[in-house]
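Participant: after the sequence you'll find the predicted model.
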Amino acid sequence: MNRILAELADQQKVQDMIANHEPFMDILAEVTRMVARQMPSAVVTFMLYDSSDDTLTLVAGDGLSDAYKLAMQRKKIGPEVGTCGRAAFLREVVVTHSIADDPNWDAYREAALKENLKSCWSVPVMMTDDALLGTFATYHPKPGSPDDDQLVLITRAAGLLAFALARQQDQRALRIQRQRYQSLFTYHPDAVFELDLNGCFVAANRGCEHIAGFAEENIIGLHYETFVKEEHHEVAGQAFKLACNGIPQHYEVVAYHAGGDEYLLEVTNLPIVVDEEVVGVYGIGKDITRERESELKLHFQRTHDLLTGLSNRAGFEARLAEDYRLSKGRVAVLLINLDGFASINDGLGHTVGDHLLQAVANRLADGLEPGDFIARFAGDEFGVLLTDRGRVEHTLPVVEALLSLLARPFVIDDHVLHISASIGVALGRAKSRDDGTLIQHAHMAVREAKAQGRNTWEWYAGDANSSIREHIALRRELLDAVVHNQLVLYYQPLVDARTGKMTALEALVRWRHPERGMVPPGDFIPLAESTGQIIDLDRWVLRQACKDLHTINAGRDEPLTVAVNISPVHFRRNGFFDEVSQAIEESGLDPESLELEVTEGLMMAGTEKAIELLQKIRNLGVKVAIDDFGTGFSSLSYLRQLPINKVKIDRSFIRDIAGGRESAAIVEGIITMAHHLGLEVVAEGIETEGQRNDLVNRRCDMLQGFYFSRPVPLEDLLQLPHQLPAADK
Ligand code: C2E
Ligand code: CA
Ligand code: CA
């Protein structure tokens with residue numbers, strides 16, 4: 001009983017040693033002691049198996065001579081190789097009762113007998129998966145075989161050794177693996193770090209110090225947000241949260257370096273999963289500042305012209321494609337080609353040429369508005385892209401402005417240079433997806449412009465519909481109209497609502513076209529506005545009306561006033577005020593007799609400047625009326641701010657007044673409010689007696705319309721009775 005207890009205690013001790021990862025040789029010594037206690041006369045040995053050459057080597061054998069130990073190195077195993085070689089080969093216990101008589105010992109018998117080894121019992125030491133680790137054996141000074149207890153003892157001893165060896169191998173494999181990953185962590189050039197679930201640093205590799213300037217010991221325990229720019233806390237926070245939920249993340253943030261500098265950090269967050277549970281987050285950070293900068297630089301170089309710093313053609317094309325898509329084709333492409341640049345370049349040298357191009361680029365850029373886009377295509381060729389709705393609708397004024405901008409002399413390196421340009425225009429078409437041909441069309445138009453003798457523009461009309469063609473033709477002819485006296489003024493009376501007396505006139509322009517006959521203003525005023533020709537036209541009307549009124553009033557007791565329509569394009573132009581005062585001066589007209597009709601839309605754009613100008617005009621004594629009131633965006637209360645005398649209710653409300661309750665209410669409202677503000681109210685488009693009566697009842701001040709008189713030429717006007725409608729109406 002005692003023996004069994006002692007054996008158990010021995011075994012327990014060995015198992016404890018194994019659990020504590022004590023060195024194998026110590027465990028082997030303990031196992032040897034354990035066996036030796038039961039078999040005091042035995043020599044206990046262990047031979048280690050090497051599968052690479054299928055050999056056994058004696059590693060432990062207290063009591064054996066060095067010569068014997070030396071002899072037992074790298075012995076090939078086999079069915080006839082001693083006791084251990086055979087046990088190893090058969091993977092089973094082998095008992096040699098008498099070494100002296102066993103033919104398997106022929107080769108070693110002599111050496112064994114010299115050591116006084118007479119019998120040998122050997123047990124293979126095996127892993128659970130049948131892999132051989134070695135042999136455990138006892139040698140005895142007398143021939144003999146083990147009894148059952150002895151067999152159990154040596155088998156158990158071999159089992160313990162197998163267990164110890166297996167544990168050791170596992171341990172070693174684990175250590176190797178851990179060291180491997182540790183190296184990956186430590187030496188990785190990126191910043192690699194581990195965060196706990198609160199976002200605080202648990203570990204940081206050398207890369208962190210290299211990239212962010214923080215050594216591991218300085219950041220452990222800190223929150224990652226400490227190093228991320230405030231604006232990017234949300235991005236980083238989102239990613240961190242997702243990573244905590246097991247979803248890897250990849251993103252960019254601006255981070256702080258230890259020195260305070262900012263840099264662009266590309267971050268990967270990976271969940272650390274242990275037993276199917278996220279226990280933290282790995283971070284991998286890469287400084288991509290330089291990379292991004294060179295990307296941007298490369299992109300800039302690819303899309304820009306280095307001489308002027310403007311976009312190049314590639315940049316222009318990219319922008320065009322984008323804007324075309326966004327605006328559904330509502331864009332204008334202007335191609336500007338300098339006239340005579342080659343001769344400057346050849347005559348004065350390339351340096352002057354380059355400086356001129358830079359000056360042209362600057363001047364063009366200054367002359368454009370923030371939404372416009374400009375590029376240098378090549379040589380002396382520039383492209384401009386208009387996308388702003390208002391700019392596209394008034395492309396031609398823009399083009400004309402650019403032409404006159406470039407016509408101003410340049411002073412380059414002590415030379416005064418005069419150049420001009422030819423501009424080709426191509427308009428995108430709504431619903432068409434084709435932005436690619438626009439530049440090509442603009443090119444064709446430039447060639448046209450050049451052919452026309454330069455310093456001019458041309459519009460691409462290749463496949464334009466006939467109405468555009470017509471407009472283009474009309475534009476040409478309109479140029480002649482002013483010069484060749486084809487414009488005529490008609491006058492339409494305005495009558496006092498109470499008395500029916502004619503008190504004022506509105507000047508309405510007509511175009512007496514040599515082939516088309518009388519062209520109504522609706523057909524050419526919008527065109528003239530879009531080409532900028534309206535300015536000459538309005539100027540002519542203003543002067544002519546002032547002159548005519550002089551003639552008209554000469555034959556009257558009570559002088560009439562004349563109203564002239566002013567286009568917003570004209571009104572906004574510098575020098576408009578001077579034109580008005582000049583027209584008055586020239587004609588000798590009493591300024592009180594002149595009235596300007598402007599539209600609400602004009603007020604909306606650049607209100608303050610417009611109000612200022614109106615005030616200046618009012619100060620001259622000239623009156624101002626808001627035309628077509630009610631069609632624009634302005635509210636009635638808005639009128640309060642304007643220095644005006646009159647509102648003209650738009651025709652459309654008068655037309656609808658009988659049927660539409662809404663129109664009636666609007667008209668009623670306008671009249672009440674205007675009177676409240678001390679303004680006169682005119683109703684235009686009175687065609688029937690009913691309409692007249694209605695408006696008289698609503699206390700409208702003045703009336704205008706076919707019911708009283710159509711617009712008529714000056715001669716006819718002079719024949720009209722002073723009281724309207726004429727008796728025969
Ligand atoms: P507007 O300023 O509203 O001019 C009144 C228009 O209504 C005139 O058309 C006139 O003939 C028309 N009209 C007058 N009474 C009646 C009526 O009882 N029934 C109908 N159906 N129409 C009536 P017009 O002469 O064709 O002029 C059209 C527009 O052209 C004008 O509208 C004005 O905006 C513009 N316009 C005319 N002359 C000039 C000008 O010299 N300079 C500028 N900038 N614009 C002008
Ligand atoms: Ca008018
Ligand atoms: Ca009107």
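Facilitator: Done, it's in. Ligands and ions are numbered 1, 2, ... in the order given.

Participant: can we go C-alpha only for contacts and neighbour counts from here?
Facilitator: Noted.

Participant: okay, and the residue in the stretch 151-300 of the chain that ligand 1 sits nearest to sits in which element?
Facilitator: Here the stretch 151-300 of the chain gets closest to ligand 1 at one residue, residue 300, 46.1 Å apart by Cα to the nearest ligand atom. Assigned by DSSP states H and E, residue 300 belongs to helix 289-303.

Participant: not counting that helix itself, show me its contacts.
Facilitator: Here helix 289-303 makes contact (Cα atoms under 8 Å, 6 or more residues apart in numbering) with 263, 264, 265, 311, 312, 313, 314, 315, 316.

Participant: same question, stretch 506-520
Facilitator: Taking Cα under 8 Å, 6+ apart as the rule, stretch 506-520 contacts 481, 486-494, 521, 541, 545, 562-565, 711.

Participant: got the CA positions of it in PDB?
Facilitator: Coordinates of each C-alpha in stretch 506-520 appear next as PDB, following Å, rounded to 0.1, in the frame of the first residue of the first chain:
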ATOM      1  CA  GLU A 506     -45.200 105.400 -74.300                       C
ATOM      2  CA  ALA A 507     -42.500 105.200 -77.000                       C
ATOM      3  CA  LEU A 508     -42.500 101.800 -78.600                       C
ATOM      4  CA  VAL A 509     -39.900 100.900 -81.200                       C
ATOM      5  CA  ARG A 510     -40.600  99.300 -84.600                       C
ATOM      6  CA  TRP A 511     -38.200  98.000 -87.100                       C
ATOM      7  CA  ARG A 512     -38.900  98.800 -90.700                       C
ATOM      8  CA  HIS A 513     -37.100  95.900 -92.200                       C
ATOM      9  CA  PRO A 514     -36.300  96.300 -96.000                       C
ATOM     10  CA  GLU A 515     -37.600  92.800 -96.800                       C
ATOM     11  CA  ARG A 516     -39.500  91.600 -93.800                       C
ATOM     12  CA  GLY A 517     -41.600  94.700 -93.400                       C
ATOM     13  CA  MET A 518     -42.500  96.000 -89.900                       C
ATOM     14  CA  VAL A 519     -40.900  93.700 -87.300                       C
ATOM     15  CA  PRO A 520     -42.600  93.900 -83.900                       C
END
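
Participant: for the contacts of stretch 506-520, which PyMOL command selects only the ones that are buried?
Facilitator: Per 16 or more other Cα atoms under 10 Å, the buried members of the contacts of stretch 506-520 correspond to this PyMOL selection:
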select buried, resi 481+487+488+489+490+491+492+493+494+541+545+562+563+564+565+711
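
Participant: ok, and which of the contacts of stretch 506-520 reach ligand 1?
Facilitator: Contacts with ligand 1 within the contacts of stretch 506-520, counted by Cα under 6 Å from any ligand atom: 521, 541, 565, 711.

Participant: quick check: the two most widely separated of those residues?
Facilitator: Using Cα to Cα, these span at most 14.8 Å, a distance reached by 541 and 711.

Participant: before we move on, the earlier item: export the ones next to ligand 1 among the contacts of stretch 506-520 to a markdown table and tack on secondary structure?
Facilitator: Listed next are those as a markdown table, based on DSSP: H, G, I helix; E, B strand; the rest coil:
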| residue | secondary structure |
| --- | --- |
| 521 | helix |
| 541 | helix |
| 565 | strand |
| 711 | coil |
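
Participant: out of the residues you listed, flag the one nearest to residue 360.
Facilitator: The shortest approach to residue 360 among these belongs to residue 541, at 36.3 Å (Cα to Cα).

Participant: which residue is the nearest non-sequential neighbour of residue 723?
Facilitator: Spatial nearest neighbour of residue 723, chain neighbours left out: residue 501 (4.6 Å); criterion: Cα to Cα, 6 or more residues apart in numbering.

Participant: list the contacts for the one you found?
Facilitator: Residue 501 touches 495, 722, 723, 724, counting by Cα under 8 Å, 6+ apart.

Participant: possible to save those residues as a markdown table with neighbour count and pLDDT?
Facilitator: Listed next are these as a markdown table, based on neighbours: other Cα atoms under 10 Å; pLDDT from 0 to 100:
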| residue | neighbour count | pLDDT |
| --- | --- | --- |
| 495 | 25 | 97 |
| 722 | 15 | 90 |
| 723 | 15 | 91 |
| 724 | 19 | 89 |
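
Participant: quick one: low-confidence parts of this structure?
Facilitator: Filtered on pLDDT under 70, the chain yields the residue ranges 1, 430-434, 452-453, 461-472, 530-531, 601-607, 632-638, 727-729.

Participant: spell out which parts of it neighbour ligand 3.
Facilitator: Taking Cα under 5 Å from the ion, the part of the chain that reaches ligand 3 is made up of 627, 628.

Participant: mind telling me which residue is nearest the centre of the chain?
Facilitator: Centroid-nearest residue in the chain: residue 322, 12.0 Å away (criterion: Cα atoms, centre = their mean).

Participant: and that one, backbone torsions?
Facilitator: phi -70, psi -50 (degrees, to the nearest 10).

Participant: also residue 384?
Facilitator: According to degrees, to the nearest 10, residue 384 has phi -130, psi 140.

Participant: which residues does it contact?
Facilitator: Contacts of residue 384 (Cα under 8 Å, 6+ apart): 333, 334, 335, 336, 372, 373, 374, 375.

Participant: could you measure from the closest residue to it other than its chain neighbours over to residue 227?
Facilitator: Setting aside the residues directly before and after it, residue 384 is nearest to residue 374 in space (Cα to Cα, 6+ apart), at 4.4 Å. Residue 374 is 41 Å from residue 227, where distance means Cα to Cα, to the nearest Å.

Participant: contacting residues around the closest residue to residue 248 other than its chain neighbours?
Facilitator: Leaving aside its chain neighbours, residue 248 sits nearest to residue 270 (4.6 Å; criterion: Cα to Cα, 6+ apart). Contact analysis of residue 270 by Cα under 8 Å, 6+ apart lists 243, 246, 247, 248, 249, 281, 282, 283.

Participant: which SS class is residue 270?
Facilitator: Quick answer, by three-state DSSP: residue 270 is strand.

Participant: before we move on, what about residue 628?
Facilitator: Counting by three-state DSSP, the backbone at residue 628 sits in strand.

Participant: can you give me the distance of it to residue 673?
Facilitator: Residue 628 is 16 Å from residue 673, by Cα to Cα.

Participant: who has more neighbours out of those two?
Facilitator: Taking other Cα atoms under 10 Å, residue 628 and residue 673 do not tie; residue 628 has more neighbours (21 against 17).

Participant: the nearest residue to the more buried one once chain neighbours are set aside: how many residues sit nearby?
Facilitator: Excluding the flanking residues, the one nearest residue 628 by Cα to Cα, 6+ apart is residue 650, at 4.1 Å. Counted by other Cα under 10 Å, the residues lying close to residue 650 total 19.

Participant: circling back to that earlier point, wait, a helix at the residue nearest to residue 384?
Facilitator: No. With three-state DSSP as the criterion, residue 374 is located in strand rather than a helix.

Participant: neighbours of it, how many?
Facilitator: The burial count for residue 374: 24, using other Cα under 10 Å.

Participant: and it, how far from ligand 3?
Facilitator: Look at residue 374 and ligand 3: by Cα to the ion, to the nearest Å, they are 39 Å apart.

Participant: just checking, that residue touches residue 310?
Facilitator: Yes. Using Cα atoms under 8 Å, residue 374 makes contact with residue 310 at a distance of 6.9 Å.

Participant: which phi and psi does the residue of the stretch 551-700 of the chain found nearest ligand 1 have?
Facilitator: Scanning the stretch 551-700 of the chain for the residue nearest ligand 1 gives residue 685, at 3.4 Å (criterion: Cα to the nearest ligand atom). The phi/psi pair for residue 685 (degrees, to the nearest 10) reads phi 80, psi 30.
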